[in-house]
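A.B. asks: pasting the structure only:
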């Protein structure tokens, strides 16, 4: 049997399934934990990390860790970029 593409005879099915996949940004955003989402909702508020920690009853180091992971998962290099990516992905209204 001749291969019809990189997925062989299932190429048509594979292409249809690939179209249904969410964009890369949405897949990354879906990987956020509930606590990361809580921290994310405070990022646009311009609260300091110390203030966010107090608000969420967490240590400052825990907030810093969550923020660093959020940046990574959203492909952001700064707080501003993370907030923009969160709006784009639908995490923030």
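C.D. replies: Received it, and whenever you're ready, just let me know what you need. This is a predicted model, so every value here is computed, not measured.
A.B. asks: quick one: least confident helix or strand in this structure?
C.D. replies: Counting by mean pLDDT, DSSP states H and E, the weakest-scoring helix or strand in the chain turns out to be helix 24-30, with a mean of 53.
A.B. asks: following that helix, which helix or strand comes up?
C.D. replies: Following helix 24-30 in sequence order, the next helix or strand is helix 34-42 (DSSP states H and E).
A.B. asks: Next SSE downstream of that next one?
C.D. replies: Next along from helix 34-42, by DSSP H and E: helix 49-56.
A.B. asks: And that next one, what's buried?
C.D. replies: By neighbour count on 16 or more other Cβ atoms under 10 Å, the buried set for helix 49-56 is 49, 52-53, 56. In this view, the C-beta of every residue, glycine as well, is placed from N, C-alpha and C.
A.B. asks: Make JSON lines out of these and add distance to residue 93.
C.D. replies: Shown next, in JSON lines, are those (distance: Cβ to Cβ, whole Å):
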{"residue": "49", "distance to residue 93": "23"}
{"residue": "52", "distance to residue 93": "19"}
{"residue": "53", "distance to residue 93": "24"}
{"residue": "56", "distance to residue 93": "20"}
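A.B. asks: Where does the prediction get shaky in the protein?
C.D. replies: When residues are selected by pLDDT under 70, those of the chain lie in 1-5, 18-30.
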